[in-house]
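Undergrad: here is a sequence with its predicted model. Questions after.
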Amino acid sequence: MFDTHLHLDPEDDPAALFAAGRAAGVTRFMVCGTALADSARAQAVAAGETGVLAAVGVHPHQAADYAGEIAPFRELAGRPGVAAIGEIGLDYHYDHSPREVQQRVFAAMLELAVTLRRPAIVHCREAFADALPLLRDAASAGLRFVVHSFTGTPDEATALLGLGACLGYTGIITFPKAENVRATLRVTPLDRILAETDAPWLAPVPHRGRRNQPAFLPLVLAVIAREKGVSVDEAARRTTANAQALFNRP
């Protein structure tokens, strides 16, 4: 299994988290950065751990703190273990950064991904109308990307799939009241689905309310398998292959 999206807090013991994940059958991990320092840590962890990759970028929550220097991210992206630009995007739910600033930073990070020919890991919450044109332009320039923790409508999924996107599904699909997300999962082709935890958030049922971790990924895959009408082994194999292809890992 491939946990295609997780974060590390300063107090985390990465080796212990990965060991617990491996014991549960998760053998590949993508650690996502949210700012420069966090991205540098993700890269350092990925460079020192087998089966671990990193993404570097500026999360929309941190967009207001971004000084506009793209060179450090370009340099980080060239280091060992870095396979994507992310987590980048727009978040109009919390609005921790002004929307125009989020849009400017997102556009800059998309341009970096296109220039470096790296896939992007995209955050989009209550911002689809503004994110879609930016993603359309980047996709026309060759960008490949995943919209992680996807909770949008079937129509939004169709628009993103039309741009070649993958959609990442988290423990939200295990929540009893998330039938709308499961409905979108059912119309997402299996060859476009990625499985993720978004640890330390969004722990799946029956761990909801606890700190999430990669070891809980099998619970996400069990629902993907059920909703897509395949075995858990097949869901794991297919979502892992999708991630390997997106992140250019054979």
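TA: That came through fine.
Undergrad: list the contacts for the residue nearest to Trp201 when sequence neighbours are not counted?
TA: Of all residues not flanking Trp201 in the chain, Asn212 sits nearest, at 5.8 Å (Cβ to Cβ, 6 or more residues apart in numbering). For every residue, glycine as well, the C-beta is placed using N, CA and C. Asn212 is in contact with 171, 197-204, counting by Cβ atoms under 8 Å, 6 or more residues apart in numbering.
Undergrad: which two in those are spaced the farthest apart?
TA: Pro200 and Pro204 (12.8 Å; Cβ to Cβ).
Undergrad: ok, the two, which is more surrounded?
TA: Each of Pro200 and Pro204 has its neighbours counted (other Cβ atoms under 10 Å); Pro204 has more, 23 against 16.
Undergrad: do you know how far the more buried one is from Leu110?
TA: Distance from Pro204 to Leu110, counting by Cβ to Cβ, to the nearest Å: 30 Å.
Undergrad: on the pLDDT front, check the closest residue in space to Pro189 that isn't next to it in sequence for me.
TA: In this structure, Pro189 finds its nearest non-sequential neighbour in Leu161, 7.3 Å apart by Cβ to Cβ, 6+ apart. At Leu161, the model reports a pLDDT of 98.
Undergrad: can you start the count at 17 instead of 1 from here on
TA: Sounds good: first residue 17 from here, last item Leu177.
Undergrad: burial count for Leu177?
TA: Neighbour tally, Leu177, other Cβ under 10 Å: 16.
Undergrad: so Val162 bridges to which residues?
TA: Ile137, Cys182 (DSSP bridges).
Undergrad: what count of nearby residues applies to it?
TA: 28.
Undergrad: quick one, helices of the protein?
TA: Along the chain, counting by DSSP state H, helices occupy 30-39, 52-64, 87-93, 115-132, 144-156, 170-177, 195-203, 233-244, 248-262.
Undergrad: please produce CSV containing the ones you listed, extended by distance to Val72.
TA: Shown next, in CSV, are the helices of the chain (distance: least, Cβ to Cβ, whole Å):
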stretch, distance to Val72
helix 30-39, 16
helix 52-64, 4
helix 87-93, 5
helix 115-132, 9
helix 144-156, 17
helix 170-177, 22
helix 195-203, 28
helix 233-244, 22
helix 248-262, 16
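Undergrad: winner for burial among those helices?
TA: helix 233-244 (a mean of 21; mean count of other Cβ atoms under 10 Å).
Undergrad: and that helix, how far from the chain's centre?
TA: 17 Å (Cα atoms, centre = their mean, to the nearest Å).
Undergrad: avg pLDDT for that helix?
TA: 98.
Undergrad: residues in contact with stretch 40-48?
TA: So stretch 40-48 is in contact with 17-24, 30, 34, 37, 58, 61-62, 65, 67-71, 73, 99-100, 102-103, 137, 212, 230-234, 252, 256, 259-260, 263, 265, going by Cβ under 8 Å, 6+ apart.
Undergrad: list the buried residues for it?
TA: 40, 42-48 (16 or more other Cβ atoms under 10 Å).
Undergrad: for that stretch, the distance to its chain's centre please.
TA: Taking Cα atoms, centre = their mean, one finds stretch 40-48 lying 12 Å from the centre of the chain it belongs to.
Undergrad: right, I'll leave it there.
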